[in-house]
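Chemist: Need a 3D model of the sequence below.
(one chain, ligands or ions: 3)
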Amino acid sequence: MQLLEIKNLQMDFGVGANALRAVDGVSLTIGAGETVCLVGESGCGKSITAQSIARLVPAPPANYVGGEILLNGRDTLKMSPRELQQIRGGVVGYIFQEPGASLNPVFRIGAQIKESLKLHQPAKANNAEVVRLLKLVGIPAPESRMKNYPFEMSGGMQQRVMIAMALASEPKLLVADEPTTALDVTIQAQILDLLRDLKQRLGMAMLLITHNLGIVGDMADRVAVMYAGQIVELAPARELLCRPFHPYTRALMNSVPKLRAETGRLCAIPGNVPRLGNFPPGCRFAPRCPMAKPECSEKIPELIEAQSGRWVRCPFWAASKSA
Ligand SMILES: Nc1ncnc2c1ncn2[C@@H]1O[C@H](COP(=O)(O)OP(=O)(O)OP(=O)(O)O)[C@@H](O)[C@H]1O
Ligand code: SF4
Ligand SMILES: [Mg+2]
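Modeler: Residues are numbered from 1 along each chain as shown. Ligands and ions are numbered 1, 2, ... in the order given. So this is what the prediction gives:
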């Protein structure tokens, strides 16, 4: 059994005639201890997909209209509010881009970590465990640091506290949504090293959302590429980075600044991600795809297994491979 199995998830914002499908048929598995990266441009649906696992997207406006989200074999879409409360920060822990999303400015960080312990590991809700967690995430002088308020710490240190809070419940799955985007490059590297190290030591699985394909190369076992609410490519990380099949993945990779690029020019993907409710007919990438053909706009391509373990939503992937 997979730790997480999302099957054909469909989530709308709004209901009836005003409903806009924001997550459209997403299927994704994560095995115990596995790291899966979710990539795609802004607005593609990465955060709402990840937050759906513990039903963190406020409903309304969110409306789950189809699919299953099996976490340890149990469907979170069918859980009661009480059960959801238990899995949030229990089986699944979240860290977000902004520590402000998880840290309360008016409480000392030690008290906040203790609160998280009380909820999920009551026997360990003591100062010694808080100190152990702060040490685990590399915070120096944890005995005195635990008395700090969030504003007394740097962004990088706040991010570490947020990770410590997420780890307090010993989650089986850590969802990290752009956990380093707000930090400078050196601190980014430190936080990523920390996550990798913790993952190895604690055997957690991780769903890591990132804009940065460099991070994917460093961290991921597998990668899911999202575009306009759908997964368009899913593959082992190394294979995808060496040889992307979907034209959108290729375009994303071409838009990464390459240090040794001869031209030194940054190539952004022309055009924009279509807005919710404004998706083009057929393949949603067609208006931006250099390989688009008239038939691409006729029907939405299926996600097909192009090679063992490699899924792609483009019938012309083989041509794209050699393009
Ligand atoms: N509460 C909400 N109500 C209505 N629409 C929403 C809500 N939250 C997100 N959306 C829309 O859903 C789509 C997907 O949003 P999401 O935040 O998942 O994108 P993302 O891929 O995480 O982007 P980014 O990289 O900018 O974080 C966007 O069009 C967004 O405007
Ligand atoms: S289906 Fe057509 S438009 Fe879509 S990615 Fe493939 S070639 Fe491009
Ligand atoms: Mg997001």
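
Chemist: how about residue 157, secondary structure?
Modeler: helix (DSSP: H, G, I helix; E, B strand; the rest coil).

Chemist: if I pick it, what's in contact with it?
Modeler: By C-beta atoms under 8 Å, 6 or more residues apart in numbering, the contact list for residue 157 reads 139, 145. Heads up, the C-betas are built off the backbone N, CA and C, glycines and all.

Chemist: contacts for the top helix by length along the chain?
Modeler: Criterion DSSP state H: the longest helix present in the chain is helix 185-202. Contact with helix 185-202 is made by 33, 35, 136-138, 154-156, 159-160, 163, 167, 170, 174, 176, 179-180, 183, 204, 206, 208, 215, 218-219, as judged by C-beta under 8 Å, 6+ apart.

Chemist: Could you do stretch 28-38 as well?
Modeler: 2-6, 46, 49-50, 172-173, 199, 203-210, 215-216, 219-224, 226, 231, 234, 237.

Chemist: Tell me the gap between it and the middle of its chain.
Modeler: Put simply, stretch 28-38 sits 10 Å off its chain's centre (C-alpha atoms, centre = their mean, to the nearest Å).

Chemist: again, but for stretch 218-227
Modeler: Mean-position distance between stretch 218-227 and its chain equals 9 Å (C-alpha atoms, centre = their mean).

Chemist: is it anywhere near ligand 1?
Modeler: No. For stretch 218-227, no contact with ligand 1 is found by C-beta under 6 Å from any ligand atom; the gap never falls below 6.6 Å.

Chemist: Flag every buried residue along that stretch.
Modeler: Under the neighbour-count criterion of 16 or more other C-beta atoms under 10 Å, stretch 218-227 has 218-227 buried.

Chemist: Between those, which sits nearest residue 108?
Modeler: Using C-beta to C-beta, residue 219 comes nearest to residue 108 of the buried residues of stretch 218-227, at 31.5 Å.

Chemist: Quick check: phi and psi at that closest one.
Modeler: phi -110, psi -30 (degrees, to the nearest 10).

Chemist: same deal with the one 10 residues further on?
Modeler: Main-chain dihedrals, residue 229, degrees, to the nearest 10: phi 80, psi 0.

Chemist: Please enumerate the helices of this structure.
Modeler: 46-52, 81-87, 109-120, 127-136, 142-145, 155-167, 185-202, 213-219, 237-242, 247-254, 317-322.

Chemist: ok now the first one, how far from the chain's centre?
Modeler: In this case it means helix 46-52. Per C-alpha atoms, centre = their mean, the centroid offset for helix 46-52 relative to its chain is 7 Å.
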